[in-house]
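Novice: build me a structure from this.
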Amino acid sequence: MAQNFRNQITRNTGTSAVDILAQADSYDTVIGIRCANVSTSAISVDVYIVKSSTNYYLIKSAPSPSGGSLELIDGGAKIVLASGDKIAAISTVASSLDTVVSYIDTIST
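Specialist: All right, here's what the predicted structure looks like:
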């Protein structure tokens with residue numbers, strides 16, 4: 001079976017939570033999340049899975065210096081999302097966070 005590799009790129013996330021991976025309509029596998037601080041000051045970052053209106057944190061209040069980045073999934077780790085799950089992010093500074101989520105779409109129905 002062919003794999004559907006995808007990226008979801010989000011720019012200038014700030015102090016309001018933003019979906020960095022839209023709601024899954026099937027089982028998807030997240031293979032990478034990169035968060036980059038694009039502001040001139042240090043920020044703190046939260047990234048979490050939203051499942052049935054409940055937040056499950058992948059990282060909470062992680063510090064990132066100006067120009068720094070965070071790699072949330074590495075070393076071959078993966079996160080499986082069920083249908084209806086999504087991933088959101090928020091920063092402590094307005095328009096300060098760019099994210100890239102790499103995932104395999106529709107690994108199962």
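
Novice: how would you label residue 76: helix, strand or coil?
Specialist: Classification of residue 76 using DSSP: H, G, I helix; E, B strand; the rest coil returns coil.

Novice: quick one: it from residue 58, how far?
Specialist: Distance, residue 76 to residue 58, using C-beta to C-beta, to the nearest Å: 16 Å. Placement of C-beta: from N, CA and C, glycine included.

Novice: okay, the two: which has more neighbours?
Specialist: Shown here are residue 76 and residue 58; by other C-beta atoms under 10 Å, residue 58 has more neighbours (17 against 6).

Novice: name the element the more buried one belongs to?
Specialist: strand 54-64 (DSSP states H and E).

Novice: who are the neighbours of that strand, in terms of helices and strands?
Specialist: Applying 3 or more C-beta pairs under 8 Å, 6 or more residues apart in numbering; DSSP states H and E, one finds that strand 54-64 makes contact with strand 27-37, strand 43-51, strand 69-71.

Novice: which non-adjacent residue is nearest residue 96?
Specialist: Nearest non-adjacent residue to residue 96, counting by C-beta to C-beta, 6 or more residues apart in numbering: residue 39, 3.7 Å away.

Novice: quick one: secondary structure of the one you found?
Specialist: coil.
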